[in-house]
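Asker: Pasting the sequence and the predicted model now:
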Amino acid sequence: MSAAEFAGTRSTVEPAFVRRLLIAIAVVFLFLFLFLPLAVVFGTALSQGIGMFFNTFTDAGTQSSIWLTLLAALVAVPWNTVFGLAAAWAIGKFEFFGKSALITLIDLPFSVSPVVAGLVYVLLFGAQGYFGPWLQRHNIHIIFAVPGIVLATIFVTFPFVARELLPMMQAQGNDEEEAALTLGANGWQTFLKVTLPNVKWALLYGIILCNARAMGEFGAVQVVSGRIEGLTNTMPLQIELLYSDYRFVAAYTVATLLAMLALVTLVVKSIVEWRTGERQA
Amino acid sequence: MSITAAGITKRFGSFTALDDVDLEIPDGQFVALLGPSGSGKTTLLRIIAGLEFADSGSIHFDGQDISKRTARERRVGFVFQHYALFRHMTVFENIAFGLRVRPRNVRAGEAQIRSKVHDLLGLIQLENQAGRYPSQLSGGQRQRVALARALAVEPSVLLLDEPFGALDAKVRQELRRWLRQLHDEVHITSVFVTHDQEEALEVADRVAVMNEGKIVQIGTPDDVYDKPATSFVYNFLGNVNLFHGRVDEGTTYIHPNETDHVVFVRPHLLEIAREAAGPNSFRATVKHINAAGPLVKVEAVTEWGAPVNVETTQERFRDLSLVKGDEIYINPRDVAVFKEK
């Protein structure tokens, strides 16, 4: 049966004009809210020529902001990957007291405004905070320094991996792990050879999302950063700084880097989804 | 290897899954744990495997107390109801898993592993499917792979948890015959859990019937079927008609108004006749006839209004020229009587 014939026999098919209208709305929406802004970012960044574009990256403050963002992601992503795996494993495979409380806690960063998250760290580790005097005596700087930025990034990104893994681990149950155990595998072998391969695509997806958020986080980081250019400015903060300094081209140029990250994330995500779909088919 | 479970008790919260259970399985025997869901049969199997630990009591393999050992140390082969195959591994790698995770100093070489897996693939008649993934196999094939995977590590005992529970009737029957044959060749001490009495009676050397956390009877299939120890066993093993009655000097009298004894009669031990024969004959009206299959199944209603199921041969059915609505006599040929609790 051809596609046209098949479509004609189905009673659930909408009239042609409705379908076209819905598609048109979706396309216009995507164009206005996604493609156009992206085009503007790249357009403005390149508006004064490719030379100006690359010139932006010779600026010390901008370079330092790129490195700081990479550093924060480099610490936060592995940390939250390990945490997410451990949490999802514990919740998905075992019964224990306080399980639902733990699930709620994991979701906390999603429900709390990032600004509040940042303020919490200031309250804890700032000069007037609970641990402030002690930290000062030992000459440890957290707020308005790199450790604060890393901490804030970890906080806002920690649900991503756990949230991706949890439903999958819960659905898969314990059967395969128990089978591995009876076949003589130890805990570590069971984890590496059975549990991990079963969730690898969900894990990768979680890491991608976690990384994207770690590099793009603005609110929480802004509160704890103190915004010292060249020292505690991350990429999103640097973009904002350049923009408010009327250095539009530079601002948009740094923005292209973040936009590029978003595009790479989307591509990897599509590949992951395609691979997962293929395996389940 | 012989298995002994002594005084096993297991509670989940306020629910007692196993209540002081003793079980003795001699070396090489094939034992079925049979019971309704919630009777504790799977829990007992998992405790033997070391996947669950008893609150009290002990498990011995060949007289040695292994209660404290983990599943990994007990060297049991376990087959799960839903196969539990490693979904990201091929059939070959699934079977090889147990051999590959051994500590390096006792692990077989790659060539040895290959030949062993190929032998097992031959045993389960899946030589051509070695490179496939579990999702590409049928249910029966998956369960055979699960069995080969369990056998690969040369376990001391084989434990099967409702191994055919998720399969359709025909595959089920084929697989259980095959499993019985396999056991006759390999002679590994095996325990399998089922709620299907036909399966238990057909496959096992001995059947342990369980109810409410206890083993109510253990014996050969003939024993438990012909000489049920309790009304539960009789009721659980096969279709049955329930009457009330009394016992006078060794003779059972069926009567609807009696209350001190329960009388069970299997449908094939009831005889349909046009005339009364003996003191226990009663009148009934035919309500439904199912003549498909080797036996004719007749549903009737007794003179006191209770439903009764009778099975009779095709030959007898033709001789009687029975039709729906007929008034008939039913003569019990053999009954089982239990004192009412």
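Answerer: Alright, I've got the coordinates.
Asker: Name the next helix or strand downstream of the lowest-mean-pLDDT helix or strand in chain B, please.
Answerer: Ranked by mean pLDDT, DSSP states H and E, the weakest helix or strand in chain B is strand B:251-254, scoring a mean of 80. Helices and strands here follow DSSP states H and E; after strand B:251-254, the next one along the chain is strand B:261-265.
Asker: Report all helices and strands that that following strand contacts.
Answerer: Applying 3 or more C-beta pairs under 8 Å, 6 or more residues apart in numbering or on different chains; DSSP states H and E, one finds that strand B:261-265 makes contact with helix B:231-236, strand B:241-248, strand B:251-254, strand B:336-339. Quick note: C-beta positions are derived from backbone N, CA and C, even for glycine.
Asker: Can you give me the buried ones in the last one?
Answerer: So that's strand B:336-339. By 16 or more other C-beta atoms under 10 Å in any protein chain shown, the buried positions in strand B:336-339 come out as B:336, B:337, B:338.
Asker: Residue B:37: which of these is nearest?
Answerer: Distance to residue B:37 across the buried residues of strand B:336-339 (C-beta to C-beta) is lowest for residue B:338, with 23.4 Å.
Asker: my guess is the closest one contacts residue B:235, does it?
Answerer: No - Residue B:338 lies out of contact with residue B:235 (C-beta atoms under 8 Å); the separation is 9.5 Å.
Asker: can you pull out the strands in chain A?
Answerer: With strands called from DSSP state E, chain A shows none.
Asker: how about the residue lying closest to residue A:144 once chain neighbours are set aside, phi and psi?
Answerer: With C-beta to C-beta, 6 or more residues apart in numbering or on different chains as the measure, residue A:226 is the residue that lies nearest to residue A:144, at 3.2 Å, once sequence neighbours are left out. Backbone torsions of residue A:226, given as degrees, to the nearest 10, read phi 80, psi -10.
Asker: and if you look at residue B:284?
Answerer: Backbone geometry at residue B:284, expressed as degrees, to the nearest 10, gives phi -150, psi 160.
Asker: Contacts only, for it.
Answerer: Shown in contact with residue B:284 (C-beta atoms under 8 Å, 6 or more residues apart in numbering or on different chains): B:300, B:301, B:302, B:303, B:308, B:327, B:328, B:329, B:330.
Asker: what number of residues lie near the third one?
Answerer: Read it as residue B:302. Residues within reach of residue B:302, counting by other C-beta atoms under 10 Å in any protein chain shown, total 17.
Asker: in the sheet, who's paired with the closest residue to it other than its chain neighbours?
Answerer: Excluding the flanking residues, the one nearest residue B:302 by C-beta to C-beta, 6+ apart is residue B:284, at 4.9 Å. On the basis of DSSP bridges, residue B:284 is bridged to residue B:302, residue B:328.
Asker: in the stretch 151-300 of chain B, which spans are helices?
Answerer: Taking DSSP state H, counting those that start in this stretch as the criterion, the stretch 151-300 of chain B contains helices spanning B:169-186, B:197-203, B:221-226, B:231-236.
Asker: And the third one, what does it pack against?
Answerer: Counting contacts by 3+ C-beta pairs under 8 Å, 6+ apart, helix B:221-226 is packed against helix B:197-203, strand B:206-211.
Asker: what does the longest one rub up against?
Answerer: It refers to helix B:197-203. Helix B:197-203 is contacted from outside by B:30, B:32, B:34, B:164, B:172, B:176, B:179-180, B:192, B:194, B:207, B:221, B:224-225, B:236-238, using C-beta under 8 Å, 6+ apart.
Asker: again, only this time at 10 Å
Answerer: B:30-35, B:160, B:162-165, B:172-173, B:175-177, B:179-180, B:183, B:190, B:192-194, B:196, B:206-209, B:220-222, B:224-225, B:233, B:236-238 (C-beta atoms under 10 Å, 6 or more residues apart in numbering or on different chains).
Asker: Now do the buried residues in that helix.
Answerer: Within helix B:197-203, the residues that count as buried by 16+ other C-beta under 10 Å are B:197, B:199, B:200, B:201, B:203.
Asker: And that helix, how far out from the chain middle?
Answerer: 5 Å (C-alpha atoms, centre = their mean, to the nearest Å).
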